[in-house]
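Q: Got a predicted structure here, sequence first:
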Amino acid sequence: MATRTEAGMEMGTATGTAAGAEAGMETRTEAASASAPLPGRRPTAVQGLLGACHPLPAAAVTAMGTALGVACGHSWQACALVGLAVLSGQLSIGWSNDWLDARRDLATGRTDKPVATGRVDPRAVACASAAALAACVPLSLATGLPSAAAHLFGVGGGWLYNLGLKRTIGSWLGYAMGFGSLPAFVVLALPGHPWPAWWTLSAGALLGIGAHLANVLPDIPDDLATGVRGLPQRLGATGVRLLAPLPLLAGIAVLVFAPPGPAGAVGWSALAAGAALTAAGIVRPARDSRSHAPFLTGIAVAAIAVALAFSRAAAMT
């Protein structure tokens, strides 16, 4: 699900948190000025829109959905349709996230956010988000009603997260909906609309929860300063580092052991690779508190899961 992209130390006292949230206008203005592009090198509106759509998560989820289509035996035309539907949904989620979070990103000096730094008009981002969502509906329906319902359920989870679910202890639910529904969408889009195996949905949901924890890890201090208290923020950075690998590895374990037949060398290798990645990218603190290493680790583990799907494709329906 698009982002995009949210390890830092927990805020100390309530007074310290409030002070962080109430940073002076002068400081924020200076930060925005420092991040502004040099004269003559100002990014275009298109570049600003591309930066605001959470391009890496959008591209990664689209690639995963398309790869699952190949694994399930879709024709190239169907794979392209699945990919376009997933991409439009991810773009709508990514753009709506930056649009809805613009004031919060400005307050915390997020120079990596095009809307907060003035590189793109918030109204343009809002319109782009609405247009992407409008395209997502017919593209999803073109794959069939059951598959469209599954995909729009997942996209709805992303929008619920952006609209406020992220501020609650149930913040993980939006990611579980998005990742869990992706294999359902791809499998239901097959001729005859077969129902996907239970373990594909379970593995997707577990990977989504792990991705949520890893994605938010670098942004915990800023989130706490602006009143966002989802599950990761309540756990704190140390808690997230310890917990995030569990659902990620559990997702791979489901793909390894739940389908019929032995785990085999491929399954055990996938588990070992997932364990090594989470230990290096999530459990071990990064030197840069804003490093995207935890999120990239989550994407890498999800890619391992997709690779496993190719060896389990026959059992996915």
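A: Structure's in. What do you need?

Q: For the stretch 201-317 of the chain, give me the ranges with low pLDDT.
A: By pLDDT under 70, the weakly predicted segments of the stretch 201-317 of the chain are 284-291.

Q: Let me see the contact set for Leu84.
A: By Cβ atoms under 8 Å, 6 or more residues apart in numbering, the residues touching Leu84 are Leu139. All C-beta spots, glycine's among them, are computed from the backbone N, C-alpha and C.

Q: Now do it against His151, distance only.
A: Separation of Leu84 from His151 (Cβ to Cβ, to the nearest Å) stands at 11 Å.

Q: these two touch, right, Ala275 and Ala250?
A: No: Ala275 is beyond contact range of Ala250, at 11.6 Å (criterion: Cβ atoms under 8 Å).

Q: Would you mark the buried spots in the longest helix seen in the chain?
A: Among the elements of type helix in the chain, defined by DSSP state H, the one spanning the most residues is helix 76-100. With burial defined by 16 or more other Cβ atoms under 10 Å, the residues of helix 76-100 counted as buried are 78-79, 81-100.

Q: now stretch 189-198
A: In terms of neighbour count (16+ other Cβ under 10 Å), stretch 189-198 has its buried residues at 189-190, 196-197.

Q: Just send those back as CSV, with secondary structure and distance to Arg123 too.
A: Converted to CSV, these look like this (DSSP: H, G, I helix; E, B strand; the rest coil; distance: Cβ to Cβ, whole Å):
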residue, secondary structure, distance to Arg123
Ala189, coil, 34
Leu190, coil, 40
Pro196, coil, 39
Ala197, coil, 44
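
Q: tell me the contacts of Ile209?
A: Residues touching Ile209, when contacts are defined by Cβ under 8 Å, 6+ apart, comprise 172, 175-176, 247.

Q: ok, it to Leu160 distance?
A: The gap separating Ile209 from Leu160 is 15 Å, by Cβ to Cβ.

Q: my read: Gly230 touches Asp223, true?
A: Yes: with contacts defined as Cβ under 8 Å, Gly230 counts as touching Asp223 at a distance of 7.4 Å.

Q: which neighbours do the two share?
A: With contacts taken as Cβ under 8 Å, 6+ apart, the residues that reach both Gly230 and Asp223 are Val216.

Q: any idea how far the nearest residue to Leu141 once chain neighbours are set aside is from Gly267?
A: In space, not counting the residues next to it along the chain, Leu141 is nearest to Ala148; the distance is 4.5 Å by Cβ to Cβ, 6 or more residues apart in numbering. According to Cβ to Cβ, Ala148 stands 32 Å off from Gly267.

Q: got a list of what the residue nearest to Leu141 touches?
A: Counted by Cβ under 8 Å, 6+ apart, Ala148 has contacts 137, 140-142.

Q: which ones among those are found in strands?
A: Residues from the contacts of Ala148 lying in strands, with DSSP state E as the criterion: none.

Q: Let me have the residues you listed in JSON lines, adding pLDDT as columns.
A: Putting those into JSON lines (pLDDT from 0 to 100) gives the following:
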{"residue": "Val137", "pLDDT": "98"}
{"residue": "Ser140", "pLDDT": "98"}
{"residue": "Leu141", "pLDDT": "98"}
{"residue": "Ala142", "pLDDT": "97"}
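
Q: Now the buried members of those.
A: Of these, these count as buried by 16+ other Cβ under 10 Å: 137, 140.

Q: Out of the contacts of Ala148, which two are the most distant from each other?
A: Val137 and Ala142 (9.8 Å; Cβ to Cβ).

Q: can you give me the helices for the stretch 151-300 of the chain?
A: Read by DSSP state H, counting those that start in this stretch, the stretch 151-300 of the chain holds these helices, from start to end of the chain: 172-188, 198-216, 220-225, 231-243, 245-257, 264-278, 293-311.
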